[in-house]
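> After the sequence you'll find the predicted model.
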Amino acid sequence: MPHYPDAMPGSKTLFERARKVMPGGNTRTTVFVDPFPIYAARGEGCRVWDVDGNAYYDCINNFTAMIHGYAHPDVTAAVAGQLPSGTAFGAPTLSEIELAELLVERLPSVTRSASPTPVPRA
C-alpha cells in the first residue's frame, strides 16, 4: 500500500483546485482528511481506484448508498434503461410504489414502506 500523502499527487492537485471554488475544497465535510482527501476515479465491485491509480477495498460503500457495490452489470443495465425516461422527479412515481410493494412482499414484518418525508394525514 502506498504511503499517504506522498503517493497521491493527483489527489493533492485536485484538492488545491477544488479549494479555489468550494469552501473547504469539497461539498461534504465527512470526506475530508488532513492534509487532503483521496479523490476517487472509478469503482468496480467492492473496490475503488483513486486518481493516482491506487486501489482500495471500499468498506464504507458511500455510507451504505452503494450497497450493491460499483458497476454491477445488472444495476448498470437497469440504470441505463431508466436514463431516457428520467431519474429524479419532484413528484411521485410508479417505480416508488413498485419498490414499496416489493419490500412489503419480501419482508413479512413490514406492512407499509416508510416515507422519508412527513406525509400529511387527513
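Yep, that arrived.
> and stretch 74-93, C-alpha only, in CSV?
Only the C-alpha atoms of stretch 74-93 are listed here, as CSV (Å, rounded to 0.1, in the frame of the first residue of the first chain):
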residue,chain,number,x,y,z
ASP,A,74,-27.4,-5.8,-13.7
VAL,A,75,-27.5,-2.4,-11.9
THR,A,76,-25.7,-0.7,-14.7
ALA,A,77,-28.2,-2.1,-17.3
ALA,A,78,-31.2,-1.1,-15.1
VAL,A,79,-29.8,2.5,-14.7
ALA,A,80,-29.1,2.8,-18.5
GLY,A,81,-32.6,1.6,-19.2
GLN,A,82,-34.1,4.3,-17.0
LEU,A,83,-32.0,7.2,-18.2
PRO,A,84,-34.1,8.1,-21.3
SER,A,85,-37.2,8.4,-19.1
GLY,A,86,-35.5,10.5,-16.3
THR,A,87,-34.1,9.6,-12.9
ALA,A,88,-35.3,12.0,-10.3
PHE,A,89,-38.6,13.8,-10.1
GLY,A,90,-40.2,16.2,-7.7
ALA,A,91,-43.4,14.1,-8.0
PRO,A,92,-44.5,10.6,-7.0
THR,A,93,-43.7,7.8,-9.5
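> So what touches it?
Residues outside stretch 74-93 that contact it (C-beta atoms under 8 Å, 6 or more residues apart in numbering) are residue 68. The C-beta positions use only the backbone N, C-alpha and C, and glycine is treated the same way.
> Quick one: distance of that stretch to the chain centre.
The chain centroid and the centroid of stretch 74-93 are separated by 15 Å under C-alpha atoms, centre = their mean, to the nearest Å.
> Can you point out the buried residues in that stretch?
For stretch 74-93, the neighbour count (16 or more other C-beta atoms under 10 Å) marks no residue as buried.
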